[in-house]
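>>> sequence isn't available, so here's the structure alone:
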């Protein structure tokens, strides 16, 4: 893919680069023989920017959810990932936003850049509020970065529940088993009227929506 990435960057073609990346993710899923059952996409308004917040159980989660999100979505991602030669350059080019977790100021700059992209290009963003993969499948503490992004952009938050990926590829395992997973897109949660002072209530709403669906059989 290196020649294609370089060609798109030189010619300013962002969307074809995104499409080929999504195509590669879908093909990888088929090769691994992972079946995905999706529910709740009808709850989303076409053409509207959202902030998607899933639970995080496996390395599979990010690429899988990216292929399911309708419209144009981007990711706030660890700075180290964007340091990968060529691929990292391509990710920056299409609008993925790097974040340095070591400093508060770095996080603020990343949020500000993501807000600009949402308002000028209509991007949605995918953010894992736990910040890392769960070892036991239980929801971990939520970080506030994605919620600051929601407040500053005004975009609704869509809680997303992922079930089954941990069984196929748990943290610290470097290969994926075949199998089936379920992904549920919940009712968007508006952020109008919320402030930094009431952010805790917003975080509870998102966490409860994800957790309730996690417990379904």
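Noted; the coordinates are in hand. What you see is a predicted model; the values in this text were computed from it and never measured.
>>> for the rest of this, base every contact and every neighbour count on C-alpha atoms.
Will do.
>>> give me the three-state assignment for the residue nearest to residue 154 when sequence neighbours are not counted.
Nearest non-adjacent residue to residue 154, counting by Cα to Cα, 6 or more residues apart in numbering: residue 191, 6.3 Å away. Recorded secondary structure, residue 191: coil (DSSP: H, G, I helix; E, B strand; the rest coil).
>>> now do the contacts for residue 191.
Applying Cα atoms under 8 Å, 6 or more residues apart in numbering, we find residue 191 in contact with 150-151, 154-157, 202.
>>> likewise residue 131?
Applying Cα under 8 Å, 6+ apart, the residues near residue 131 are 142-143.
>>> make sure I have this right: it is in a strand.
No: counting by three-state DSSP, residue 131 is not part of a strand but coil.
>>> what about it, distance to residue 9?
29 Å (Cα to Cα, to the nearest Å).
>>> what do you get for residue 124?
Distance of residue 124 to residue 9, given as Cα to Cα: 21 Å.
>>> which one of those two has more residues nearby?
Comparing residue 124 with residue 9 by other Cα atoms under 10 Å, the one with more neighbours is residue 124, at 26 against 16.
>>> need phi/psi at the more buried one.
Per-residue torsions, residue 124: phi -90, psi 160 (degrees, to the nearest 10).
>>> doesn't residue 51 make contact with it?
Yes: counting by Cα atoms under 8 Å, residue 124 touches residue 51, with 5.7 Å between them.
>>> tell me where this structure has strands.
Taking DSSP state E to define them, one finds strands in the chain at 34-39, 51-54, 73-78, 97-99, 124-126, 157-163, 179-185.
>>> and the second one, what does it pack onto?
In this structure, strand 51-54 makes packing contacts with strand 124-126, strand 157-163, judged by 3 or more Cα pairs under 8 Å, 6 or more residues apart in numbering; DSSP states H and E.
>>> most neighbours, which of the contacts of residue 191?
Going by other Cα under 10 Å, residue 157 tops the contacts of residue 191 with 26 neighbours.
>>> wait, it sits on residue 52?
Yes: using Cα under 8 Å, residue 157 is in contact with residue 52, at 5.9 Å.
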